[in-house]
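Colleague: Structure of the sequence below:
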Amino acid sequence: MTTTATPAPPDPTNTNTATNTATNTSTATSATTTAPTPSTDTGPGALRTLTRHRGRLIVACAAVAFVLGWALLGAGNWPASLSVDLSGPLERTSDWIIDNRDGHPLFLYFLGHVSNVVVVSVRAVYLVLLALGWAGVTAAAALLAWRVAGVRLALASLAAFAVCGLLGMWVPTMQTLALMVVAVAASVLLGGLLGLAAGLSDRMHRILRPVLDTMQVLPAFAYLLPVVLVFGIGVPAAVLATVVYAAPPMARLTALGLRDADAGVVEAATSLGATGRQRLLTARLPLARKELLLGLNQSIMMALGMAVIASVIGAGGLGDRVYQALASVDVGAALAAGVPIVLLAVVLDRVTAAAGQRIGEAPADHSRLRWAVVALVTAVVAVGARLLDRLSWPDAWTVDFAEPVNGAVDWMTAHLYSGVPLVGGTADWAGHFTSWVLNPLRDGLQWLPWWAVLLTVGVLALLIGTWRTAATAVLAMAAIGVLGVWDPALDTLSQVLAAVTVTLLLGFALGVAAARSARLGRALRPVLDVFQTMPQFVYLIPVVALFGVGRAPAAAAAVVYALPAVVRITAQGVRAVDPSAMESARSLGATGRQQLLQVQLPLARPALLLAVNQGVVLVLAVVVIGGLVGGGALGYDAVFGLAQGDLATGLVAGAAIVCLGLMLDRVTQPTGRRDLTGKGA
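Modeller: I've put the predicted structure just below:
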């Protein structure tokens, strides 16, 4: 923006303006009449200069290091002498666990009891759902939604459960729901206890924060590997993997709510002589109710997504139907099982979110009576269904959903897959994306010397973070080489970079447009809501139908999965720009394009960086799962290790995925660092 403004004369009625003008004049006069005194202390000035040119200094040092590295180390892949073969120790560990699973005290008196409790709990919930029958479960879901969120969501819940039955997926839905209930209860309990400890103790907060950070960036597939090693294939492993995946949001938000509780209220409770336990129960926890319910909402969403992925290790239910259908490329059957998953996610998300919005409102009259009505009507409907022998969903009330979908897929394959005039078919797009983007990017990364990759990672992390951040990123990348999976990791990284580039281009464009147009924002909101509640597996279904199998379809699924989060964060950041800054730009005659490029985007930089970080993490999660549809690289190794019982291959790939996710998170996550002068950046 090149507009020049003429300063207006100070208003004599404005005391602040007059005072500031006088002060500035006095300062300017003293500055011009006082001769500068040479100083021999150049330390602080040098530090400020280094801080101001920190980025240029880092890039210059990196260029020098690159030249020296090329001269001293030359080109080449990761040296075999720096790799460690873990297949032997992992196989011996696996054999020891299998041999001692039935006799070692650790399994007999601890892990075995944990496994039994999980199995009994899931079976008990499942039997309760079967005892209620389809009518009782549907009535209970609708009445609970009505009581918590109103009539509209009650009708939506009723329709969602009815669709599950109409698609012939009632029994798998109940299996998934039973696993969800147990997993969410355990996640909320574990996450709440960890969050309570972090919220009440600064030391525990510092200890748990890096642990939760690491857990949050780990792709979901990485959680399956350790639990399979200990608990084997089955429901206990699926539930415990889901708990580990879904507990961090509850812990984070619980700690946030407790630590951000109104200090005045807590101080008032202290002045009245309340003990620490009383302050917690009567002040801090009530003030943190919104955060606690938001933690419950996020745990439910993540648990549902993980419960589907856990079908790979024997979770059963809807996820198993999706997995089996994808394995046979039966898109109709996969979509028939995927639609109930999406409906469950949407209903649970809406109900818990509506409950959170109503926190703080005055309780309605006869609140207990309404809850009693909910329980009574559910019991009456369930008993009536049992007396009429209508517990199972009637077979006559199902529709064949898979056949017409497969017919539509066949039509798309015949008409869209190839041979579309001018623009080409989806198979052509996938082939071009693979040959023009994915292959060159992969070959370029694998051509780079290993030390150049580490140097690039360190420089990128250092430019937006601290030395500690850069060291963590470099060590995580180096660990991949030590594990002996350098080339597959770079292949996965190439897919992530390509998918992230497409995601950011689309996400930034849609997010900015949604922020600047209220109508477009309202139109995109329900679409983003649906896409954001879909579990990761479901994204693979339409992608396989349109693009077949391969690396390009895996990248396309990752783009669709990560796009809603990028659009939302971008739109929120642009909308949150200070209105006074926008008004000043308009008053200076800035055009809409100038306002966007020179005011809104620079001021929304933190939100844009967060969008980049979240896009990278979400893309990695689906690129790894893309191993199921031909994505190859680390995802294929993880899937192959689980499917074939080759825990050495699976665990090494899982550890490499963890390291790759940690590196990408550190490279794209700016930290509140301190500059060289000691002030916070």
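
Colleague: Give me the distance from the host helix or strand of residue 613 to the chain's centre.
Modeller: Using DSSP states H and E, residue 613 sits in helix 605-625. Between the centre of helix 605-625 and the centre of its chain there are 8 Å (CA atoms, centre = their mean, to the nearest Å).

Colleague: other SSEs contacting it?
Modeller: helix 220-231, helix 486-516, helix 536-547, helix 551-575, helix 633-644, helix 647-668 (3 or more CB pairs under 8 Å, 6 or more residues apart in numbering; DSSP states H and E). Placement of C-beta: from N, CA and C, glycine included.

Colleague: Need those helices in a markdown table (columns: mean neighbour count).
Modeller: Shown next, in a markdown table, are the helices and strands packed on helix 605-625 (neighbours: other CB atoms under 10 Å):
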| stretch | mean neighbour count |
| --- | --- |
| helix 220-231 | 23 |
| helix 486-516 | 22 |
| helix 536-547 | 24 |
| helix 551-575 | 25 |
| helix 633-644 | 22 |
| helix 647-668 | 24 |
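
Colleague: Can you say which of the ones you listed is nearest to residue 392?
Modeller: helix 536-547 (26.0 Å; CB to CB).

Colleague: what's the closest of the helices and strands packed on helix 605-625 to residue 457?
Modeller: Judging the helices and strands packed on helix 605-625 by CB to CB, what sits closest to residue 457 is helix 647-668, at 6.1 Å.

Colleague: So what angle separates the directions of that closest one and helix 486-516?
Modeller: Put simply, helix 647-668 runs at 40 degrees to helix 486-516, going by axes from the mean of the first three to the mean of the last three CA atoms, to 10 degrees.

Colleague: Please save the CA atoms from helix 647-668 in CSV.
Modeller: The C-alpha trace of helix 647-668 is given here as CSV (Å, rounded to 0.1, in the frame of the first residue of the first chain):
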residue,chain,number,x,y,z
LEU,A,647,5.9,-56.8,14.5
ALA,A,648,9.5,-55.9,13.7
THR,A,649,8.5,-54.3,10.4
GLY,A,650,5.4,-52.7,11.9
LEU,A,651,7.0,-51.3,15.0
VAL,A,652,10.0,-49.8,13.1
ALA,A,653,7.6,-48.2,10.6
GLY,A,654,5.5,-47.0,13.5
ALA,A,655,8.5,-45.5,15.3
ALA,A,656,9.6,-43.8,12.0
ILE,A,657,6.1,-42.4,11.6
VAL,A,658,6.2,-41.0,15.1
CYS,A,659,9.6,-39.4,14.4
LEU,A,660,8.4,-37.9,11.1
GLY,A,661,5.3,-36.5,12.8
LEU,A,662,7.4,-35.0,15.6
MET,A,663,9.8,-33.4,13.1
LEU,A,664,7.0,-31.9,11.0
ASP,A,665,5.2,-30.6,14.1
ARG,A,666,8.4,-28.9,15.3
VAL,A,667,9.2,-27.4,11.9
THR,A,668,5.7,-25.9,11.5
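
Colleague: could you give me the average pLDDT of it?
Modeller: For helix 647-668, mean pLDDT rounds to 81.

Colleague: list the helices and strands that helix packs on?
Modeller: Judged by 3+ CB pairs under 8 Å, 6+ apart, helix 647-668 is in contact with helix 87-100, helix 202-217, helix 220-231, helix 450-464, helix 467-482, helix 486-516, helix 605-625, helix 633-644.

Colleague: Does residue 491 touch residue 444 like I think?
Modeller: No. Judged on CB atoms under 8 Å, residue 491 makes no contact with residue 444 at a distance of 11.6 Å.
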